[in-house]
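> pasting the structure only:
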């Protein structure tokens, strides 16, 4: 397993909380048992809400599915970050490729400060 810690620990979480973010969640096309194991291994349990989208229904509804069957992984969810307030998407950033460019805490904080108070 690739080390996920830079995305779920430390400065990013503290900075988002300091900016008034109430909840940080991670959605994955996976089952809740895998999500729980990943959360424990990544040190995310209790810091990040881990959301299992076992059948990919939410992922499809958001238009964020990606086909990884060629590498034996089936349908997955694109890496994304969203700012949601009262059930309304204020911002949706979808990674254009592998890696973390627009979904990192720094980018989210910048986008939130540019949009001003909710």
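Structure received. Keep in mind the model is a prediction, meaning the values are calculated, not measured.

> Going by C-alpha atoms from here, please, whenever you check contacts or count neighbours.
OK.

> Could you double-check that residue 83 sits in contact with residue 91?
Yes: using Cα atoms under 8 Å, residue 83 makes contact with residue 91 at a distance of 5.1 Å.

> contacting residues for the most centrally placed residue in the chain?
Nearest to the mean C-alpha position of the chain, by Cα atoms, centre = their mean, lies residue 26 at 4.1 Å. Counting by Cα atoms under 8 Å, 6 or more residues apart in numbering, residue 26 touches 48-51.

> okay, who's weakest in the residues you listed by pLDDT?
Ranked by pLDDT, the contacts of residue 26 bottom out at residue 48, which has 89.

> State the distance from that residue to residue 73.
Residue 48 sits 24 Å away from residue 73, going by Cα to Cα, to the nearest Å.

> Same check on residue 49?
According to Cα to Cα, residue 49 and residue 73 sit 23 Å apart.
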